[in-house]
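# Below are the sequence and a predicted model; questions follow.
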Amino acid sequence: MMVDLSAFSEEKFDPKTWINGAVQQRHPQDPVEKHLVDLEMKLQMVSEEIAASLEEQSTAALLRVPRASRDVIHLRDDAVSLRSSVANILQFLKKAEGSSAESITALAKIDTVKRRMEAAYETLQDAAGLTQLSSTVEDVFASGDLPRAAETLANMRHCLTAVGEVAEFANIRKQLEVLEDRLDSMVQPHLTDALNNRKVNVAQEMRGILIRIGRFKSLESYYTKVHLKHIKRLWDDFDLRQQASKLANERSEVEQVTRSFDSQPNLPIISFSRWLPSFYDELLLYLEQEWKWCMLAFPADYKTLVPKLLIEAMSSIGTSFVSCVNLATGDVIPETKAMAKGILDILSGDLPKGVKIQTKHLDALIELHNLTGSFARNIQHLFSDSDLQLLLDTLKAVYFPYESFKQRYGQMERGVLSGGIAGLDLRGVSTRIIGVQGVELSETVRRMEESIPLVILLLEAATERCISFTGGSELDELILALDDVSLQYITTLQGNLKALRAVCGVDIAMDNVGGKKESGSDKKEAASHTRRKSDFMSNEEEWSFVQGALQILTVADGLTSRISVFEASLKSTLARLSTNLSRSAYGSSLDQNQSHLDDNDGSGGLSTAGKAFVDVAALRLVDAPEKARKLFNLLEQSKDPRFHALPLASQRVSAFAEAVNELVYDVLILKVRQHFNDLSHLPVWSSVEEPSAYTLPSFSAYPQSYVTNVAEYLLTLPQQLEPLADGISNSDANAEDAQFFATEWMFKVAEGATALYIEQLRGIQKISDRGAQQLSVDIEYLSNVLSALSMPIPPVLATFHSCFSTPTDELKDLVKSDSGNQLDLPTANLVCKMRGLRLD
């Protein structure tokens, strides 16, 4: 039987489990007692073996301790000896340094004198050589050997540099400059011919000559001058086609007049947007061919020559390019096309005031910019091996024709958005509905509600245009424009809201019921006007006003939520722009708050990350530090959770929502105001029972019409709130919110009605017993309605009911016995005063 001891070394070793496992491994025919005895004996033998092994190893370890101690002592002695030897060596070196310092100083002086003498000797040799070269240079030029002439001039330049500013060689210095210009002019025809006819060997030889005399700029100039002509011919092709089309059309018109039969239709004039892709394709093909040829002819310079050629080409056609882009933006609208004007002309104010920038103008501009963007990406790929700064300069030259448009982008977008807001059918509707039926109120609210998504679409489209055209570099100006235009729209809605208040008549009713001190005749006239208006409108018309006012809540809710969502999308756009600029190879250098990235890969070229993230926004910002500072401040502020992208609009939206809630409340409480108007002056409060000779039965009083009408209105109001609540609860998730909405407004109106009623009750100056009995019935009726609506009865109203329902002779005892436990004492005192009682 084998015993497995590996389990004993485990942390969670369980003896019982191990014993049970060992028992299960026995042969079925072996008795358990015998198996356990064998197992115990084997474990005992193993333990004895382990104990013997430990004792043996412990003894060996004790024997090794003295030997290890002796080794440690030897090592310590060796270390002390080594330290002493090193100290002696250091002392010896210090002595040697002190004794040899003077010798070394003397040798240094001698070496300095030697080097000066050698330099003077070389200078004298250069001076002698310069004189000889100056006398023989004309013979070299006369031989026509241009490489030899270049070598001679290079040697003369070297000698002049060695000699320095010596008056005796001033004439030779002037002569050298003249000779270099002369050689430069002699190289030009050969180099021009080599460039035109693709002669690689000749071009290399001429380049070597110019480099030898330090005239690399001349090489760039001649190369650019030769190839610029071809690029200009490509650009002039558009004007030639335009002129050809015009001449053909004029000729066709003349033939149509002179001949009796129908002539051929006019040839269409090709548009700039259709022609530009072909120009870019031909230019890109030409540059690719030059890039490949220069790699053979000028392997050390092709990364510089071809990009600078494109920079010069775009600079030469820049003014014409801007003009063509401007006219192309005007061609999309017949009005500006007829005047041959574009966006820049509209912005400058040269056109009539009725001519405004439209969305189609900007769309045409962005379309052209996208074409240029595709060309720029191809150029970036082609010139990817060039120096970073040269590549940036090249891309900026490609985008240069659009810079004047981008600088005024905020003004352009402001005009487009203002035109879009002005085109909404809001102002006219609100003006037409004054004084008419309530049906048009609902129509006005519907149009206001439908205008919100249209406005949000305008704002979102403007954001997309900004990203597409400027890459986000003008987001700061765009946000200002969006805020102003949103403010313009909300101001229009607020104007409509004021007009709707006039339509609903809430301001007139509030003036009549308000705290203004008017004469008796004015009050009667205002009350009669309100009653006449109330009598003029049917119950259905009144409820149509209520429904229309409730619909305005959806306008406020929709505007608030849409503006909040749009602001969140603007913050996301700002965050993406911040990420893009930080990932750009040079965008990080614009951000004063971030560390600079290493743009070089060690060879002076553009890093892989830089090549991948060259974008139009960073191109503009890299040379505009003030613009970059403003934009990065905005990006930093947008990281704050409290940041509002549209601060003014957000504040005005909140004010609009408050005004809407106020209007809805005023409309819902309007009928209550009308019924409670002048309630405190009703004659029934001071009426007394007339004496009679007969004994008449007494009857209980009934609630008056004013309180029954108000109660009926309050009980009907939940049914009017249901349609709006149903519109909110379009899903199970909103069902609870819809119920809360209806209950909240129900309680607001009920609380407002109670407050108005209490205010009128406080205004009663004197009341008779009969009036008190009638008023207690009215209060009880209203309290029952409030309880049916699950609204608690205010203590003040309960006190009025208790005091008015109590007989006059018992009222004093009631007030004294309560001591403020259930009654509102100021109200109880007021009722006592009304009923002519004085409390001691």
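Received it, and whenever you're ready, just let me know what you need.
# Please name the residues that touch Q488.
Applying Cβ atoms under 8 Å, 6 or more residues apart in numbering to Q488 gives the contacts S418, I421. Bear in mind the C-beta positions are built from the backbone N, C-alpha and C, glycine included.
# pLDDT score assigned to it?
Residue-level confidence at Q488 comes out at 91, pLDDT.
# what's the helix or strand for it?
helix 475-504 (DSSP states H and E).
# That helix: which residues count as buried?
Residues 475-479, 481-490, 492-493, 496-497, 499-501, 503-504 are the ones in helix 475-504 that count as buried (16 or more other Cβ atoms under 10 Å).
# in stretch 618-633, what's buried?
A618, L619, R620, L621, V622, K627, A628, L631, F632.
# what's the most distant pair in these?
L619 and F632 (15.8 Å; Cβ to Cβ).
# And the helices in the stretch 251-400 of the chain?
272-297, 302-316, 318-330, 334-338, 343-348, 359-382, 388-399 (DSSP state H, counting those that start in this stretch).
# Equivalent analysis for the stretch 551-700 of the chain, please.
Using DSSP H, counting those that start in this stretch, helices in the stretch 551-700 of the chain cover 608-612, 616-621, 625-637, 647-676.
# what would those look like in a markdown table with mean pLDDT and distance to F13?
Below are those laid out as a markdown table (pLDDT from 0 to 100; distance: least, Cβ to Cβ, whole Å):
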| stretch | mean pLDDT | distance to F13 |
| --- | --- | --- |
| helix 608-612 | 44 | 57 |
| helix 616-621 | 84 | 67 |
| helix 625-637 | 89 | 62 |
| helix 647-676 | 90 | 69 |
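# tell me the most buried of the ones you listed?
Neighbour counts (mean count of other Cβ atoms under 10 Å) averaged over each of the helices of the stretch 551-700 of the chain peak at helix 616-621, with a mean of 24.
# neighbouring contacts of it?
Helix 616-621 is contacted from outside by 373, 376, 392, 395-396, 399, 403, 406, 470-473, 577, 580-581, 584, 586-587, 590, 627-628, 631, using Cβ under 8 Å, 6+ apart.
# on that earlier part again, out of the buried residues of stretch 618-633, which is nearest to H74?
Using Cβ to Cβ, the shortest approach to H74 within these belongs to F632, at 69.5 Å.
# Could you pull up the residues touching the residue most central in space within the chain?
The centroid of the chain falls nearest to L574 when counting by Cα atoms, centre = their mean (2.6 Å). Going by Cβ under 8 Å, 6+ apart, L574 touches L475, L634, L635, S638, A645.
# sorry, back to before: which of the helices of the stretch 251-400 of the chain sits closest to P31?
P31 lies closest to helix 359-382 among the helices of the stretch 251-400 of the chain, at 89.3 Å (Cβ to Cβ).
# Now G836: phi and psi?
phi 80, psi 20 (degrees, to the nearest 10).
# my guess is it contacts K766, does it?
Yes - between G836 and K766 there is a contact under Cβ atoms under 8 Å: 7.3 Å.
# Report the set of residues contacting both of these two.
In contact with both G836 and K766: no residue, using Cβ under 8 Å, 6+ apart.
# name the helices or strands packed onto the longest helix along the chain?
Ranked by residue count under DSSP state H, the longest helix found in the chain is helix 32-143. With contacts taken as 3 or more Cβ pairs under 8 Å, 6 or more residues apart in numbering; DSSP states H and E, helix 32-143 sits against helix 15-24, helix 146-163, helix 170-196.
# got the buried residues for the first one?
The neighbour-count check on helix 15-24 (16+ other Cβ under 10 Å) flags A22 as buried.
# what's next to that helix, contact-wise?
Residues outside helix 15-24 that contact it (Cβ under 8 Å, 6+ apart): V3, A7, F8, V32, H35, L36, L39.
# Show the buried residues in these.
When neighbours are counted using 16+ other Cβ under 10 Å, these contain these buried positions: H35, L39.
# from the contacts of helix 15-24, which two are the most distant?
F8 and V32 (22.1 Å).
# who wins for proximity to G144 among the helices of the stretch 551-700 of the chain?
helix 608-612 (46.7 Å).
# hang on, the earlier thing: the residue nearest to the centre of the chain and G472, how far apart?
L574 is 8 Å from G472, where distance means Cβ to Cβ, to the nearest Å.
# just A154 next, same as before
Counting by Cβ to Cβ - A154 and G472 are separated by 52 Å.
# more neighbours, these two?
Per other Cβ atoms under 10 Å, whichever of A154 and G472 has more neighbours is G472, with 27 against 16.
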